[in-house]
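Undergrad: Pasted the sequence and its predicted model underneath.
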Amino acid sequence: MAEPIEPETERLHLRQWLPADREPFAALNADPRVMAFLPSRLTRTESDALADRCQHLIQQQGWGLWATTLKTSDQFIGFVGLHRPSPQLPCSPCVEIGWRLAFDYWGQGLATEAARAALQVGFIDLNLPEIVSFTALGNRRSRAVMERLAMVESGTFAHPHLPEDSPLRMHCLYRLPRPA
Ligand SMILES: CC(C)(COP(=O)(O)OP(=O)(O)OC[C@H]1O[C@@H](n2cnc3c(N)ncnc32)[C@H](O)[C@@H]1OP(=O)(O)O)[C@@H](O)C(=O)NCCC(=O)NCCS
């Protein structure tokens, strides 16, 4: 068990998950616009299981994929944070930064704002030497967040957990070293 690190930004809280997050999280995981570059939309059960895993990892480590809320209203908008991906990925062992926001909150700079706070945790609190990110080649919005964070495009790889004929299989990898 670890005391959770819960970063804040000008507009956002990144915090441990609460039971009330489950419903809006399931709604965004069922939205085809949000899930367009992920393998499949999630059922309520799958979405709850993912929220449980995020909550458990924050409980264990103090950091992870944080439930992200608007400061003005406490509205849950999705997750942003840090995660150790599958050991089968070519970049592993590594820590990735990731994001998934409800469609209504796109286009306001919220993912980038939250991601900057997550990077601070990774580089300052966790003293990581590098943070990576990856996504399906066609995921322009996610790549744009990586580029706004000054992450460096570092090649492509076939995602080992996606079928060979999946149009999402080819991924691009971005890397960001700890600032000197
Ligand atoms: C990836 C994702 C989080 C990006 O969201 P986003 O809204 O495009 O990114 P940001 O929150 O950083 O917002 C950037 C946009 O807000 C605009 N913006 C408005 N106000 C802004 C502000 N104050 N600061 C910065 N940007 C601002 C920017 O101009 C930019 O607009 P544009 O996309 O029209 O160029 C979102 O598309 C998503 O959740 N996708 C589904 C999940 C997913 O694919 N995750 C990655 C899987 S690997």
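TA: Alright, I've got the coordinates.
Undergrad: alpha carbons only for contacts and neighbour counts from here, please
TA: Fine.
Undergrad: Show me the helices in this structure, by range?
TA: Secondary structure of the chain (DSSP state H): helices at 22-29, 44-61, 110-120, 140-148.
Undergrad: ok, and which of these has the densest surroundings?
TA: With neighbours taken as mean count of other CA atoms under 10 Å, these reach their highest mean count in helix 110-120, at a mean of 21.
Undergrad: tilt between that one and helix 140-148?
TA: For helix 110-120 against helix 140-148, the angle by axes from the mean of the first three to the mean of the last three CA atoms, to 10 degrees is 40 degrees.
Undergrad: ok so, going back, for my notes, please list the helices of the chain in CSV and give distance to the ligand for each entry.
TA: Shown next, in CSV, are these (distance: least, CA to the nearest ligand atom, whole Å):
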stretch, distance to the ligand
helix 22-29, 9
helix 44-61, 14
helix 110-120, 4
helix 140-148, 4
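Undergrad: can you list those helices in CSV and add mean pLDDT and distance to residue 102?
TA: Converted to CSV, the helices of the chain look like this (pLDDT from 0 to 100; distance: least, CA to CA, whole Å):
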stretch, mean pLDDT, distance to residue 102
helix 22-29, 98, 5
helix 44-61, 98, 14
helix 110-120, 98, 11
helix 140-148, 98, 13
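Undergrad: closest one to residue 93 among the ones you listed?
TA: Closest approach to residue 93 among the helices of the chain (CA to CA): helix 44-61, 16.3 Å.
Undergrad: Report the distance from stretch 94-104 to the chain centre.
TA: 3 Å (CA atoms, centre = their mean, to the nearest Å).
Undergrad: In contact with residue 114, which residues?
TA: By CA atoms under 8 Å, 6 or more residues apart in numbering, the residues touching residue 114 are 9, 12, 14, 68, 80-81.
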